[in-house]
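Prediction below, plus the sequence it came from.
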Amino acid sequence: MSTKPMRPPLPNKQQVKVDISKADTVACESCNNVLFISSTIIKRISPLMSPTGEEALIPIDVYSCGNCGKVPKTMLKGTGLEDKL
Ligand SMILES: [Zn+2]
C-alpha cells in the first residue's frame, strides 16, 4: 500500500487591512481636482513590431481628470505619452 503524499495546506492569505481614510488622495497635477474618469489609451502594435506578425491593439487603462482631462504622469509611464497628455 502506498500512501499518497499529502498536499501541503494552502498558506493563509494575510488580509491586509487598509484604512482608506488615512491614504493619500490622488489629485490632478494641473487643477487639484480629485475626481477622475476612467479612460483607455490604445496602443497599436504594427505587424513589423508584433511577435505574431499581425497588427495588435493593446488597451491601457488610465484615469483622466474629470475637470481638465489631464492624466497623471505616473499612469502614463511606459506609454510614450508622458509629456503629451
Ligand atoms: Zn485637472
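Yep, it's here. Numbering: from 1, shown residues only.

From one end of stretch 63-73 to the other, what's the distance?
Start-to-end span of stretch 63-73 (CA to CA, to the nearest Å) is 10 Å.

Apologies, that question was intended for stretch 37-55.
Using CA to CA, one end of stretch 37-55 lies 28 Å from the other.

For that stretch, buried residues please.
Residues Ile41 are the ones in stretch 37-55 that count as buried (16 or more other CB atoms under 10 Å). C-beta: built from backbone N, CA, C; applies to glycine.

List the contacts of the residue nearest the centre of the chain.
Closest residue to the average C-alpha location of the chain: Asp61 at 6.0 Å, with CA atoms, centre = their mean. Counting by CB atoms under 8 Å, 6 or more residues apart in numbering, Asp61 touches Ser38, Ser39, Thr40.

and the second one, what does it touch?
It refers to Ser39. Per CB under 8 Å, 6+ apart, neighbours of Ser39: Asp61, Val62, Tyr63, Ser64, Val71.

Same question for Ile41.
Applying CB under 8 Å, 6+ apart, the residues near Ile41 are Pro59, Ile60, Val62, Leu76, Thr79, Leu81.

What is the neighbour count of the residue lying closest to it once chain neighbours are set aside?
Excluding its sequence neighbours, the residue lying closest to Ile41 (CB to CB, 6 or more residues apart in numbering) is Ile60, at 4.5 Å. When neighbours are counted by other CB atoms under 10 Å, Ile60 registers 14.

For the helix or strand hosting Ile60, which strands pair with it and how are they oriented?
Using DSSP states H and E, Ile60 sits within strand 56-65. Applying DSSP bridges, strand 56-65 is found paired with strand 36-45 (antiparallel).

And the average pLDDT for the strand it pairs with is what?
Per-residue pLDDT over strand 36-45 has a mean of 95.

again, but for stretch 53-70
95.

Can you give me the end-to-end span of that stretch?
Note: stretch 53-70 ends 34 Å apart using CA to CA.

That one close to the ion?
Yes - on the criterion CB under 5 Å from the ion, stretch 53-70 is in touch with the ion at Cys65, Asn67, Cys68, Lys70.

Please flag which of those residues sit within strands.
Cys65 (DSSP state E).
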